[in-house]
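In: Got a predicted model here, sequence first, then my questions.
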Amino acid sequence: MAIFGVTGVPLNTAAASNGIVSFELAGSPERAAEILASWSAVQGSGSPLLRAAFVQGLDFLFIPIYSSAVAVACIWSARRLRSQGWPLARAGIPAAWSQWLAGLFDVVENIALVILLFGRVSSPWPRIAWICALTKFTLLFAGLTYGFYGMAVHLVAGLAQKKRATL
């Protein structure tokens, strides 16, 4: 994540206040062209367009790591929730699978962004990237929320068990 932060800093411009995420969510050829033009205008620190391509390449490597890590957290949470009889225990396996689906959406998004970076800025690529990015972020948020829910249940159950042991 630190590498993304360091390499992506020059991508933060007035047109792309959130760097590469602004590009992912451009949604239209006009907005994507505006972001690319703002990156082309940046002076120093190397070519921002090459940095954007580098960030996309890194993202391809990062996809299996984050999707698997969140999927494992969902599975762990499902087991913990099931053992405690908590609601939503059955949601863990679908939540885990959805993380790999998020990864697939990320791959399609990245392909669309690479086409925009190295090809013509035209439809349907900005819209495809936008749809895939929103879907990816939604699925990832749901998986992380489920993982934190399981972790909270685990902590609460542990505290309750310690309290009972001291009584």
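Out: It's in.
In: Secondary structure class of A16, three-state.
Out: What DSSP: H, G, I helix; E, B strand; the rest coil gives for A16 is coil.
In: mind exporting stretch 55-69 as PDB, just the C-alpha atoms?
Out: Taking Å, rounded to 0.1, in the frame of the first residue of the first chain, the C-alpha atoms of stretch 55-69 are listed here in PDB:
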ATOM      1  CA  VAL A  55       0.300   1.800 -10.600                       C
ATOM      2  CA  GLN A  56      -2.000  -0.200 -12.800                       C
ATOM      3  CA  GLY A  57       0.700  -2.800 -13.200                       C
ATOM      4  CA  LEU A  58       1.200  -3.000  -9.400                       C
ATOM      5  CA  ASP A  59      -2.600  -3.300  -9.000                       C
ATOM      6  CA  PHE A  60      -2.700  -6.400 -11.200                       C
ATOM      7  CA  LEU A  61      -0.200  -8.000  -8.800                       C
ATOM      8  CA  PHE A  62      -2.100  -6.700  -5.700                       C
ATOM      9  CA  ILE A  63      -5.500  -8.100  -6.800                       C
ATOM     10  CA  PRO A  64      -5.000 -11.700  -5.700                       C
ATOM     11  CA  ILE A  65      -3.500 -10.600  -2.400                       C
ATOM     12  CA  TYR A  66      -6.300  -8.300  -1.300                       C
ATOM     13  CA  SER A  67      -9.100 -10.400  -2.600                       C
ATOM     14  CA  SER A  68      -7.700 -13.500  -0.900                       C
ATOM     15  CA  ALA A  69      -7.000 -11.800   2.300                       C
END
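In: Give me the mean pLDDT for that stretch.
Out: If you average the pLDDT over stretch 55-69, you get 94.
In: Check the secondary structure at S122 for me.
Out: coil.
In: give me the number of residues near it?
Out: Using other Cβ atoms under 10 Å, S122 has 12 neighbouring residues. C-beta here means a position set from N, CA and C on the backbone, and glycine is covered the same way.
In: I63 too?
Out: A count of neighbours around I63, defined by other Cβ under 10 Å, yields 20.
In: State the number of residues packed around the residue lying closest to it once chain neighbours are set aside.
Out: Computed as Cβ to Cβ, 6 or more residues apart in numbering, the closest residue to I63 that is not its neighbour in sequence is G103, at 4.6 Å. Counted with other Cβ under 10 Å, the neighbours of G103 add up to 21.
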